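Engineer: With the input below, show me the fold.
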Amino acid sequence: MEERPPPESTTSPLQSLAGTGGSASPERTERQALTNQDLLQTTLDSSPYYVQVFEAIRAADGKIVDFTWILQNRKYTDLYGYQVGKRMLLHSPDA
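Structural biologist: Residues are numbered from 1 along each chain as shown. Have a look, this model is predicted:
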C-alpha cells in the first residue's frame, strides 16, 4: 500500500470558509466573520424567493413567544422594508 504524505493543513475547506479552523488572531477572525457575512448575504440576495431568518424569543418556561429578524434578503427588503432587529409580533400581530 502506498504511503501518502500528511496533509499540509488540518483545516478543512469548510472550516476555512467558516473561519473555525486553526488558531487565528482576533483581527483575522473578525475579518473572516465579516467576509462570511457578506458571502451569506450575497447568497441570500441571489434567491428569487423571499428569505427571512429569525431567532426565537423564549419565555422563562422555554416556550417560544416571539421571533426577531436576524437576516433577510433583498427581495424581502424591497417589498416589506428592512426588518432586521425587529420583533415579528410587532410587525405582524396576527402571526
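Engineer: pretty sure residue 79 is touching residue 49, no?
Structural biologist: No. In this structure, residue 79 is not within contact of residue 49 by C-beta atoms under 8 Å, at 11.5 Å. Every C-beta, even on glycine, is put in place using the N, C-alpha and C of the backbone.
Engineer: So which bits of the longest strand anywhere in the chain are buried?
Structural biologist: What stands out as the longest strand in the chain, according to DSSP state E, is strand 64-72. For strand 64-72, the neighbour count (16 or more other C-beta atoms under 10 Å) marks 67-69, 71-72 as buried.
Engineer: Next, format these as a markdown table and append distance to residue 58.
Structural biologist: As requested, the buried residues of strand 64-72 are exported to a markdown table (distance: C-beta to C-beta, whole Å):
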| residue | distance to residue 58 |
| --- | --- |
| 67 | 10 |
| 68 | 11 |
| 69 | 16 |
| 71 | 19 |
| 72 | 21 |
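Engineer: right, and out of those, which lies closest to residue 92?
Structural biologist: Here the nearest of the buried residues of strand 64-72 to residue 92, counting by C-beta to C-beta, is residue 67; it sits at 9.9 Å.
Engineer: what's the closest one in contact with, if anything?
Structural biologist: For residue 67, the contacting residues are 54-57, 87-89, by C-beta atoms under 8 Å, 6 or more residues apart in numbering.
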